[in-house]
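Undergrad: let me see the structure of the following:
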Amino acid sequence: MIQEKNSYSLVFLSIYIYILEPQTHNTKNEFEYKELEKATENFSQSRLIGKGSHGCVYKGILEEGKNIVAIKKQSLGLQKIHDNSKLENEVSILSSLPENSFIVNFLGTSHHDSSSKNETFLIMEYLPNGTLYQMLHAKNNIIPNWPKRAQIAIQVAKAIQFLHQTKPNSIVHRDIKSANILFDSNWNAKLADLGLALRMKNDDQDESPSYSYSYNSVTRPAGTIGYLDPDYTKPSKLSTKNDVFSFGVLLFEIMSSRKAIDVSKSPVSIVDWATKLIKEGQSLEICDKRMHVPWYMEATIKNMLSIATRCVSPKKITRPTIEEIVMEMENVIIDTTNNVTKTCKVTE
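TA: Residues are numbered from 1 along each chain as shown. Modelled structure (predicted):
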């Protein structure tokens, strides 16, 4: 028992040290299209590692296997209508950012012009351990323990904080969800897919975005059902609090391993289900039943569920900022670490 408590104390300490890692500046390159063709075996289906409404992601092996990257190609649907706006928007956002430990690293772009189409490709760092969605919902996966879930939550919060604190204007991700959280070789979580991201006009959270795209292109409200802020109904409603709402949904998902929307359950919405249990004083019933909740994790879990509840408040003004969320999470981790350490000393 002492050994188990000590190990969790070390886990929490490592979580706190990791979130203080400094940032470094990113370097963006222009890659040759022929190099990408070779790296993906001409964009072979065997190299396809991800697929969404905006694009497909391929595993690329460069320099005779010495460098593995992820290559994002525009979806066939957008190619057919010659809509490059989302990919160009993602390039614009990513190329303006310094490298950050909690955001998937942007390496560069490639362009291919032909008689029929002009294509842009994004080259990103390759993260080998799948998505948070897979970790929580895929069958036969190793179930994450509670310190790991807390670590993931803080890492995602730090990623959102980085975007919201970007100068001169905040960036709103607009698609925070478990499928957009990827794991590196050390199982650290990183936020990916900034295809829907928008930069605010100024630091006023209720101002409209600065981009002059038409309503039917990049600036119209967008996101994923289940995570999407119900208050975000028109471009002028864009706010960093939209991301906060989505993060609250994600927190419930991390703690429960229940999908954001599950039509096989009642209620179908994780928000409706979780907030009802919390109002009834049964917050720990939200926790993933496959993983026992040890006593020293109860305070941390209850705190994160409390944060999630405030994040999904129908009233945008009552939701916390991501800075407040990060500070509160860090403080509860430090308190939990200290309590476990004191208990270990008493029982030794």
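Undergrad: measure stretch 190-198 end to end?
TA: 19 Å (CA to CA, to the nearest Å).
Undergrad: so what touches that stretch?
TA: 52, 54-55, 86-87, 89-90, 93-94, 101-104, 124, 127, 155-156, 159-160, 163, 171-176, 180-184, 209, 211, 218-219, 222-223, 238 (CB atoms under 8 Å, 6 or more residues apart in numbering). Quick note: C-beta positions are derived from backbone N, CA and C, even for glycine.
Undergrad: from those, list the buried ones, please.
TA: Neighbour-count burial (16 or more other CB atoms under 10 Å) applied to the contacts of stretch 190-198 gives 54-55, 86-87, 89-90, 93-94, 101-104, 124, 127, 155-156, 159-160, 163, 171-176, 180-184, 209, 211, 218-219, 222-223, 238.
Undergrad: got the CA coordinates for the host helix or strand of L87 in PDB?
TA: Following DSSP states H and E, one finds L87 within helix 85-95. The C-alpha coordinates for helix 85-95 follow below in PDB (Å, rounded to 0.1, in the frame of the first residue of the first chain):
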ATOM      1  CA  SER A  85     -10.500  27.700 -47.100                       C
ATOM      2  CA  LYS A  86     -10.300  25.400 -44.100                       C
ATOM      3  CA  LEU A  87      -6.900  24.000 -45.000                       C
ATOM      4  CA  GLU A  88      -5.600  27.500 -45.700                       C
ATOM      5  CA  ASN A  89      -7.100  28.700 -42.500                       C
ATOM      6  CA  GLU A  90      -5.300  25.900 -40.500                       C
ATOM      7  CA  VAL A  91      -2.000  26.800 -42.200                       C
ATOM      8  CA  SER A  92      -2.500  30.500 -41.300                       C
ATOM      9  CA  ILE A  93      -3.200  29.700 -37.700                       C
ATOM     10  CA  LEU A  94      -0.400  27.100 -37.200                       C
ATOM     11  CA  SER A  95       2.300  29.000 -39.000                       C
END
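Undergrad: hmm, back to that, tell me which of the buried ones among the contacts of stretch 190-198 fall in strands.
TA: Counting by DSSP state E, the buried ones among the contacts of stretch 190-198 place 55, 124, 171-172, 181-183 in strands.
Undergrad: and those, which two are furthest apart?
TA: For those, the maximum inter-member distance is 23.8 Å, found between V172 and F183 (CB to CB).
Undergrad: if we can go back for a sec, nearest to I278, of the ones in strands among the buried ones among the contacts of stretch 190-198?
TA: The closest of those, once distances to I278 are taken by CB to CB, is I181, at 23.5 Å.
Undergrad: can you give me the distance of the closest one to A159?
TA: 8 Å (CB to CB, to the nearest Å).
Undergrad: and if you look at I286?
TA: According to CB to CB, I286 stands 23 Å off from A159.
Undergrad: likewise P147?
TA: For P147, the distance to A159 - CB to CB - is 19 Å.
Undergrad: still on that earlier bit, ok, so of the ones in strands among the buried ones among the contacts of stretch 190-198, who is nearest S75?
TA: Within those, the smallest distance to S75 is 5.1 Å, found for G55 (CB to CB).
Undergrad: for the closest one, name its beta-bridge partners.
TA: Here G55 sits in beta bridges with Q74, going by DSSP bridges.
Undergrad: and the gap between it and N89?
TA: Separation of G55 from N89 (CB to CB) stands at 12 Å.
Undergrad: phi and psi next, for the closest residue to N84 other than its chain neighbours.
TA: Closest residue in space to N84, ignoring its immediate chain neighbours: T120 at 6.2 Å, by CB to CB, 6 or more residues apart in numbering. When read as degrees, to the nearest 10, the backbone of T120 gives phi -120, psi 140.
Undergrad: give me the low-pLDDT residue ranges for this protein?
TA: 1-28, 53, 65, 76-83, 115-116, 202-218, 335-348 (pLDDT under 70).
Undergrad: quick one: the helices in it?
TA: Secondary structure of the chain (DSSP state H): helices at 2-18, 33-39, 76-80, 85-95, 132-137, 146-164, 240-256, 270-279, 298-311, 322-347.
Undergrad: OK, contacts around R290?
TA: By CB under 8 Å, 6+ apart, the residues touching R290 are 143, 257.
Undergrad: state the distance from R290 to W187.
TA: Distance from R290 to W187, by CB to CB: 19 Å.
Undergrad: swap in G281?
TA: Applying CB to CB, the value for G281 to W187 is 34 Å.
Undergrad: do the same with T300
TA: Counting by CB to CB, the gap from T300 to W187 is 19 Å.
Undergrad: that'll do, ta.
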